[in-house]
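> Dropping the sequence and predicted coords here.
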Amino acid sequence: MQAGIRSEGIAAVAQREGLRGPAPVHLWNPPYCGEMDMEIRADGSWFHEGTPIGRPNMVRMFANILKFEDGRHYLVTPVEKIGIRVVDAPFIAVDVDFDQDGITFTTNIGDSARLDGAHPLTMAGTADAPRPYVEIRGGLLARIDRKSFYRLAEAATPGPDGRMGVNSAGLFFPLEL
């Protein structure tokens, strides 16, 4: 019963905050209230109690109250913090745009982030199976999808250390491990 009460409270805040964009979760430090049976899978799909959340607006609302803290992901309101599982990264960068100011990524939930010091590109995995990520906000990562990574690779140039990478917002981001 307690989990149902919590999930209703989280859903209400998600709906209210989700309509305005990402909530100021970095300002909220509520007590930890336990775990919710919610999972974000590696393909970017969201599940609650084993059932896919099929409504994009609902996913967006929950994403707007998502917080990354101490290596974990939480849904956060001003009064409660509930842990959820994230298999890889909570978002997928599904598009990349290049312009004179730099490189901008768009995620599967409609967020965008310009590749810069506050939104860096990081590489994980191995040289044979690289996994590129861009930080979207507050430590929340988006795994860069294959087509977008290929577009980055096409634009790559050698960097100061000899590794191939891209320039954005006056910074160099290596695409190699």
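Perfect, thanks for sending it.
> Helices of the chain, residue ranges please.
For the chain, the helices defined by DSSP state H cover 2-18, 56-63, 146-155.
> Now find how far off-centre the shortest one is within its chain.
Using CA atoms, centre = their mean, to the nearest Å, the mean C-alpha position of helix 56-63 is found 13 Å from that of the whole chain.
> got a list of contacts for stretch 103-123?
22, 44, 56, 59-60, 63, 91-97, 101-102, 130-137, 141-142, 144, 148, 152, 155, 166, 168-169, 171, 173-177 (CB atoms under 8 Å, 6 or more residues apart in numbering). Heads up, the C-betas are built off the backbone N, CA and C, glycines and all.
> Ends of it, what's the gap?
16 Å (CA to CA, to the nearest Å).
> Buried residues, it. List them.
103-109, 111, 113-116, 119, 121, 123 (16 or more other CB atoms under 10 Å).
> just for the protein, where's the confidence low?
1-20 (pLDDT under 70).
> if we can go back for a sec, can you turn the buried part of the contacts of stretch 103-123 into a ChimeraX selection?
Selection of buried members from the contacts of stretch 103-123 for ChimeraX, criterion 16+ other CB under 10 Å:
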select :22,44,59,60,63,91,92,93,94,96,102,131,132,133,134,135,136,137,141,142,144,148,152,155,166,168,173,174,175
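> Not including adjacent chain positions, what is the nearest residue to Phe98?
Ala155 (6.3 Å; CB to CB, 6 or more residues apart in numbering).
> That neighbour against Ser168, yeah?
No - counting by CB atoms under 8 Å, Ala155 stays clear of Ser168, with 9.8 Å between them.
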